[in-house]
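Engineer: build me a model:
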Amino acid sequence: MTGYIHSMESMGLVDGPGVRAVVFLQGCPLRCPWCANPESQSYHHEITEYPSKCIGCGLCMERCPGQAIGEDGRIDRSFCPDECTECTDICYAEAKKQVGKEYTIDELFEEINKDKIFYDIKGGGVTFSGGEPLTYGAYLEQIARKCRENRIDVCIESCGYSPFDSFKEALPYINSMFMDIKIIDPQKHEEATGRSNQLILDNIRRISEYGVPLTIRTPIVPGYTDTEENIRGIAEFVSGLDTVTEYELLRYHNFGESKYAALGKTYDLKGVELPSDEEMLELTGIANTVLNKHGKYSFFMKDNKKEGI
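Structural biologist: This next block holds a predicted model:
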């Protein structure tokens, strides 16, 4: 059994308790226009282009079986054969790079286990992110179980969009989860992401009922998620979840903008201003008027500290 891994990071400090390895699985069913990792949306590999690195050798053009590369070295993706990596294999200047690689369970565990001494010392572990890890079902269950059998803490970062039965077997091996609720209104959620939020909300309820500790997150994206109505509605939903104590608001950033260009895609949020501290404080205050009555709280991070509590 194999899974597509977008990338891996070590020594992470913000994706769960302690020092963590972060494994980004390839593929996501949502299409959020603010996505910071658009190269992780597809369930197979992607090819990114960096024209400034191109040395004009022409080897990629000669090698391409689909004749998808012009004399300027740029890919016409409408002619690019699926699953082909000929151009990235030959490009030693790294002007074209493959994103996404298949790993078996044993191969992935070997990478995760390299830093186990740090997990043990700092109380960390591994976080499976994405893309959307819950859509990997049996693969997620097997790698999570192998980690837990070797005393490695397992955390999941998820948008929540996958049939519950496809991932429920993994739940006994998960220590904690971060789950997004981006927009509480189902129609607005579908307009923004391409999917209704009904499955997401149902999954969050069922995962909480199962007993998995959850942190709910909302990215604060101007024009999409940053209304009082949205934040209050999500806070009201969160207030009824027994295993949730924290509701985190994530400040929108545009760090992924250059990645869209590398994929030959358009970044629809170009020029959108980042939320100010005042706006973040106002929204956490709205959430806390609901949550504090139920022994829960909302916050956002600034300079590695929780603000707005």
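Engineer: gap between the helix or strand where Phe118 lies and the chain center?
Structural biologist: Applying DSSP states H and E as the criterion places Phe118 in helix 116-122. In terms of Cα atoms, centre = their mean, to the nearest Å, the centre of helix 116-122 is found 24 Å from the chain centre.
Engineer: counting by contacts, list what the very next helix or strand once past it packs against.
Structural biologist: Reading on from helix 116-122 to the C-terminus, the next helix or strand found by DSSP H and E is strand 125-129. The contact analysis (3 or more Cβ pairs under 8 Å, 6 or more residues apart in numbering; DSSP states H and E) places strand 125-129 against strand 20-25, helix 137-149, strand 153-158. Bear in mind the C-beta positions are built from the backbone N, C-alpha and C, glycine included.
Engineer: what are the ranges of the strands in the chain?
Structural biologist: Ranges of strands in the chain, per DSSP state E, are 2-12, 20-25, 46-49, 96-99, 101-104, 125-129, 153-158, 176-180, 214-220, 244-251, 297-302, 305-307.
Engineer: other residues contacting the helix holding Phe118?
Structural biologist: The contact list for helix 116-122, computed with Cβ atoms under 8 Å, 6 or more residues apart in numbering, reads 11, 18-21, 124-126, 150-153.
Engineer: circling back: okay, the strands of the chain, which one's buried deepest?
Structural biologist: strand 125-129 (a mean of 27; mean count of other Cβ atoms under 10 Å).
Engineer: check the spacing between the residue nearest to the spatial centre of the chain and Leu274 real quick.
Structural biologist: Residue closest to the mean C-alpha point of the chain, counted by Cα atoms, centre = their mean, is Gly130 at 3.8 Å. According to Cβ to Cβ, to the nearest Å, Gly130 and Leu274 sit 23 Å apart.
Engineer: contacts only, for Phe79.
Structural biologist: 66-68.
Engineer: neighbours of the closest residue to Ala144 other than its chain neighbours, just the number please.
Structural biologist: Counting by Cβ to Cβ, 6 or more residues apart in numbering, Ala144 lies nearest to Tyr173, which is 3.8 Å off, once chain neighbours are set aside. By other Cβ atoms under 10 Å, the residues close to Tyr173 number 17.
Engineer: and what of Asp165?
Structural biologist: Neighbours of Asp165 (other Cβ under 10 Å): 8.
Engineer: got it, and Glu273?
Structural biologist: Around Glu273 there are 9 residues (other Cβ under 10 Å).
Engineer: give me the nearest residue to it, chain neighbours excluded.
Structural biologist: Glu273 sits nearest to Pro222 (Cβ to Cβ, 6+ apart), 6.4 Å away.
Engineer: touching, the one you found and Val272? I think so.
Structural biologist: Yes - counting by Cβ atoms under 8 Å, Val272 is a contact partner of Pro222 at 5.4 Å.
Engineer: which one's more surrounded, these two?
Structural biologist: Val272 (17 against 14).
Engineer: list the contacts of that one.
Structural biologist: 221-223, 252, 254.
Engineer: most neighbours among these, please name it.
Structural biologist: Neighbour max across the contacts of Val272 (other Cβ under 10 Å) = Val221, 22 neighbours.
Engineer: per-residue pLDDT, it?
Structural biologist: Predicted confidence (pLDDT) for Val221: 98.
Engineer: what are the phi and psi values at it?
Structural biologist: phi -110, psi 120 (degrees, to the nearest 10).
Engineer: which residues touch it?
Structural biologist: Per Cβ under 8 Å, 6+ apart, neighbours of Val221: 34, 252, 269, 272.
Engineer: rerun that using 10 Å as the cut-off
Structural biologist: Applying Cβ atoms under 10 Å, 6 or more residues apart in numbering, we find Val221 in contact with 32-34, 182-183, 192, 250-253, 269, 272, 274-275.
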